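Novice: Quick one, what's the 3D model for this:
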Amino acid sequence: MIRVTVLVDSEQHYAGIQMLGHAGLSDDHQEGQELVCAAVSALTFNMTNSVEQFTEDSFEVDQEEKSGAFHFRFTSSISSGSQLLLNSLVLGLQDIEEEYGEPYIKIRFKEV
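Specialist: The predicted structure is shown next:
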């Protein structure tokens, strides 16, 4: 399962995201697990690349393929462009969670 933690600031704006796991690491292959992994990866990397390409905002990103760990956080104030990109990522992830749910993806929100 991909465990997603959306980091939220005191004003309830998204400030970063953490992910851990894969959509299906069991011996019994389940339909949809590759689709969920691919969709989550595409959304996540597109958001990261878009923030880098289209904004001046500073951020840190760490990833580890084997464990599926991905950590993204802004290191300075967040522009409206970056906020829109992060909002779009969370919307896409929520759509995946709504469509596929457990055992593939679980999203929670954490105030930082």
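Novice: Mean pLDDT per helix and strand in the protein: which one sits at the bottom?
Specialist: Sorting the helices and strands of the chain by mean pLDDT, DSSP states H and E puts helix 33-54 at the bottom, at a mean of 93.
Novice: Quick one: list the elements packing against that one.
Specialist: Counting contacts by 3 or more C-beta pairs under 8 Å, 6 or more residues apart in numbering; DSSP states H and E, helix 33-54 packs against strand 2-8, strand 14-20, strand 59-64, strand 69-74, helix 80-100. All C-beta atoms are positioned from the backbone trio N, CA, C, and that covers glycine.
Novice: can the ones you listed go into TSV with extra columns for distance to R108?
Specialist: Shown next, in TSV, are the helices and strands packed on helix 33-54 (distance: least, C-beta to C-beta, whole Å):
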stretch	distance to R108
strand 2-8	6
strand 14-20	10
strand 59-64	19
strand 69-74	15
helix 80-100	10
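Novice: I'd like to know which of these lies nearest to Q53.
Specialist: Closest to Q53 of the helices and strands packed on helix 33-54 is helix 80-100 (C-beta to C-beta; 10.1 Å).
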